[in-house]
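Q: fold the following and give me the result.
(one chain, ligands or ions: 1)
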Amino acid sequence: MSGDVFDVARPDNRELARAVRFFRGWAGRGLRFVAVPGDHDTPGLRDHTPLHTLAEAVDGFFLLGAVPLGGRLGREGLERRVDGAVFYGVPYVRGVPERRRGLVARVVRLIDAWAREVRGPRVVLAHFGLEPFTHESDALGRPGDLLPRSVSYVALGHVHRRVVVTDFGVPFAYPGSLVPMSVEEVRLRQERGPLLVELPGDGGPARVESVPVEPARAYLEVTASAGELASAVAERVRGLGQEEPPLVHVHLLAGRGESVRELRRVLERVARDLHVVLRLASIRRPGARLGASSGVAAPVEGSPGGVELAVLEELVGSRRVAEKVLELKAALVAGDMELAGRVVLELAGEEYRGELERLVARLYRAPRPSSRPARRRASARGPRGRGLDSFF
Ligand SMILES: [Mn+2]
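A: Model (predicted):
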């Protein structure tokens, strides 16, 4: 399993217990599991991943590529013989792409050298995006840069759509997420789920077969007004035979006067009456545009990064500052405090001074209402009406 076994870094105890029962059940029947963490099940640099818990609790569940708490990751944490095959795990590394790419490339070179000394089947598990199977900003590189050649198979995770490549130097695959994780993926009608990989005993290239999996629930997308939602959903879910209730992503066509709270109530009622799970994917209003004072920033289709930038630009009043703020966000999300610090210093520097002074003046034009006296005193002394110096 090449990472993101869990969708969250800190699943609650019930979910963890369920996972432990699931893997114990199969391990008791002789199955062996080998896993590496992904970005979703990696909480922070100094925390255990939930996969540590599974490895501790389940005999036959092996975790590779995860730093032990308070320890260092050595060869024994990257390489493991399980039954007849040797598995190698590439750690999931947090950080900005350049740093991650460098670290991953180094580990892959090590693994490549170790694997050359080994006979029989050798499998690498790794969690990163490759071009052209994911968008440029999500990809760490191309197969030629980052895949080891001296192994029988590379099991990849992170890209949600299915990719199986057998005409590269080494066979590799993304199996595709078990279920659609977003409304975009509902539209992507494709095979998904586990792959059956046969490893020849002589260590030659693997043969990859897909295992058809029937999802436990149907995933659908419905566009309707609040008044017509119930009948539109009923129409779509009629005759579905899955054991779990269907999950329906809803695009609501809302009138100008309908509040989000009212719309949510309609959704809750329809979900209850029809025994379905409804997710509000978007609210579309006549003539709605970003920044309109209707109180609803309706998600806009198209590039998500572009929308985020447009919203930020509207908020901060400057394209350049908006771009810097997004850079800061990316650095913080990646946990790269060094880069985050550099971006903050740039923002506080002379180059952005004019734009930031205008922004600070706008934000502090009116004192913010607050019920806490300490806060009121602080804001009274605050940077209202002053320059950037007092703000920083
Ligand atoms: Mn991932």
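
Q: buried sites along stretch 39-56?
A: Neighbour counts over stretch 39-56 (16 or more other C-beta atoms under 10 Å) mark 39-42, 48-55 as buried. Just so you know, the C-beta spots here come from the backbone N, C-alpha and C atoms, and that holds for glycine as well.

Q: show me what counts as buried in the host helix or strand of Leu345.
A: Using DSSP states H and E, Leu345 maps to helix 337-348. When burial is assessed from 16+ other C-beta under 10 Å, helix 337-348 yields the following buried residues: 339-340, 343, 347.

Q: same deal with stretch 179-192?
A: Judged by neighbour count using 16+ other C-beta under 10 Å, the buried positions of stretch 179-192 are 179-180, 183, 185-186, 192.

Q: hmm, back to that, just the buried residues of stretch 39-56: which are in helices?
A: 50-55 (DSSP state H).

Q: redo these as JSON lines? Include pLDDT and distance to Val316.
A: Shown next, in JSON lines, are those (pLDDT from 0 to 100; distance: C-beta to C-beta, whole Å):
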{"residue": "Pro50", "pLDDT": "93", "distance to Val316": "37"}
{"residue": "Leu51", "pLDDT": "95", "distance to Val316": "39"}
{"residue": "His52", "pLDDT": "93", "distance to Val316": "40"}
{"residue": "Thr53", "pLDDT": "93", "distance to Val316": "42"}
{"residue": "Leu54", "pLDDT": "96", "distance to Val316": "43"}
{"residue": "Ala55", "pLDDT": "95", "distance to Val316": "45"}
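
Q: tabulate those (JSON lines), appending distance to Pro245.
A: Putting those into JSON lines (distance: C-beta to C-beta, whole Å) gives the following:
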{"residue": "Pro50", "distance to Pro245": "26"}
{"residue": "Leu51", "distance to Pro245": "29"}
{"residue": "His52", "distance to Pro245": "33"}
{"residue": "Thr53", "distance to Pro245": "29"}
{"residue": "Leu54", "distance to Pro245": "28"}
{"residue": "Ala55", "distance to Pro245": "33"}
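
Q: which of those sits closest to Arg358?
A: Distance to Arg358 across those (C-beta to C-beta) is lowest for Pro50, with 45.6 Å.

Q: was I right to think that closest one contacts Asp7?
A: No: using C-beta atoms under 8 Å, Pro50 is not in contact with Asp7; the gap is 10.4 Å.

Q: ok so, going back, other SSEs contacting the helix or strand that the helix holding Leu345 is followed by?
A: Moving toward the C-terminus from helix 337-348, the next helix or strand (DSSP H and E) is helix 353-363. Contacts defined by 3 or more C-beta pairs under 8 Å, 6 or more residues apart in numbering; DSSP states H and E place helix 353-363 against helix 319-333, helix 388-391.

Q: let's see that with 6 Å instead.
A: In terms of contacts (3 or more C-beta pairs under 6 Å, 6 or more residues apart in numbering; DSSP states H and E), helix 353-363 is packed against helix 388-391.

Q: now do the contacts for the residue in the stretch 51-200 of the chain that the ion sits nearest to.
A: The stretch 51-200 of the chain approaches the ion most closely through His158 (3.9 Å), counting by C-beta to the ion. Taking C-beta atoms under 6 Å, 6 or more residues apart in numbering, we find His158 in contact with 127-129.

Q: for it, what are phi and psi?
A: Backbone geometry at His158, expressed as degrees, to the nearest 10, gives phi 120, psi -50.

Q: nearest spatial neighbour of Leu347, chain-adjacent residues omitted?
A: Nearest residue to Leu347, sequence neighbours excluded (C-beta to C-beta, 6 or more residues apart in numbering): Lys324, at 5.3 Å.

Q: can you give me the offset of the longest helix belonging to the chain from its chain's centre?
A: Taking DSSP H as the criterion, the chain has its longest helix at helix 97-116. Remark: helix 97-116 is offset 22 Å from the chain centroid, using C-alpha atoms, centre = their mean, to the nearest Å.
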